[in-house]
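**Student:** whatever this is, show me its structure:
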Amino acid sequence: MAKDEANPSSVAAAFLWAQPSGRKPGPKPKYTLDGIADAAIAIADESGLDEVSMQRVAERLGTTKMALYRYVPGRAELDAVMLDTALGAPVEAEAAQWRTALTAWAGGVHDRALAHPWIVELVQRPHTPGPGELAWFEAGLGAMAELPLRGGEKLDLLTLLVGHVMSLVRQRASAGAAEQQLAAALSSILATRAERYPRTASAFAEADDDGARDDALRFGVERVLAGVAALVAERAGSPPSRS
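**Tutor:** Have a look, this model is predicted:
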């Protein structure tokens, strides 16, 4: 396959995995990949992923776009570096209880994505994971070290948890203050029409009272892990474990 026909995801992955772990001998470079990634991340945090470009990153660093190409060959590579950097170090979730460990792991993914909501788009694109993203998978699998599931099932479980987290972050990022306004408007409507929609009115009233609408992360993660516990117990022929 010719170079200009290469899959951007494959090219970006090759770039990520080719980065040395330490400094190269010779003069210190004017810019670093971490510094470029930080500048791009700041733009994405402020204005969204669509506003990130090599030109804007160069302007933020006080250099030219052509100078940056010495460090990052193109936009696909920049996106890959941004994602791997923004994910940060994984939550080390090797607790004695796998459900506790995976709950902490999912919470860590949620915190990183909530800090940088544009992560959702990059994670959900077809791509080859970089070192940082694989470190999160390694930590998640470590939390399941004693869980009697097959390897593919463990990967599916992590994917399911990530999907739940990313869905919540996307919803929150797209709604923002508008969600509160819509909720207030719906509450006003239901307040005068509770007889026509009694179940809906009751459910929303209870959610407002106990904060349930803001606890979707915990609820979803607990339900997923309870299902896994039931599966493990079914295979073992014993009641589901709470650990």
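
**Student:** show me what the longest helix anywhere in the chain is packed against.
**Tutor:** Across the chain, the longest stretch assigned as helix under DSSP state H is helix 151-175. Of the remaining helices and strands, those touching helix 151-175 by 3 or more C-beta pairs under 8 Å, 6 or more residues apart in numbering; DSSP states H and E are helix 98-115, helix 119-124, helix 131-143, helix 177-191, helix 216-236. Glycine gets a C-beta too; all of them are placed from N, C-alpha and C.

**Student:** buried set for it?
**Tutor:** 154, 157-158, 160-162, 164-166, 168-170, 173 (16 or more other C-beta atoms under 10 Å).

**Student:** returning to what we had before: the helices and strands packed on helix 151-175: which one's closest to Thr85?
**Tutor:** Counting by C-beta to C-beta, Thr85 lies closest to helix 131-143 out of the helices and strands packed on helix 151-175; the figure is 6.9 Å.

**Student:** residue closest to the middle of the protein?
**Tutor:** Ala113 (4.4 Å; C-alpha atoms, centre = their mean).

**Student:** hmm, His164 and it touching each other?
**Tutor:** No - counting by C-beta atoms under 8 Å, Ala113 does not reach His164; the two are 11.2 Å apart.

**Student:** next one: the longest helix of the chain to chain centre, how far?
**Tutor:** With C-alpha atoms, centre = their mean, to the nearest Å as the basis, helix 151-175 stands 7 Å off its chain's centre.

**Student:** pLDDT on the helix or strand Val11 falls within, on average?
**Tutor:** Here Val11 sits within helix 8-17, counting by DSSP states H and E. For helix 8-17, the per-residue pLDDT values average out at 84.

**Student:** what angle separates the longest helix of the chain from helix 131-143?
**Tutor:** Angle of helix 151-175 versus helix 131-143, following axes from the mean of the first three to the mean of the last three C-alpha atoms, to 10 degrees, is 120 degrees.
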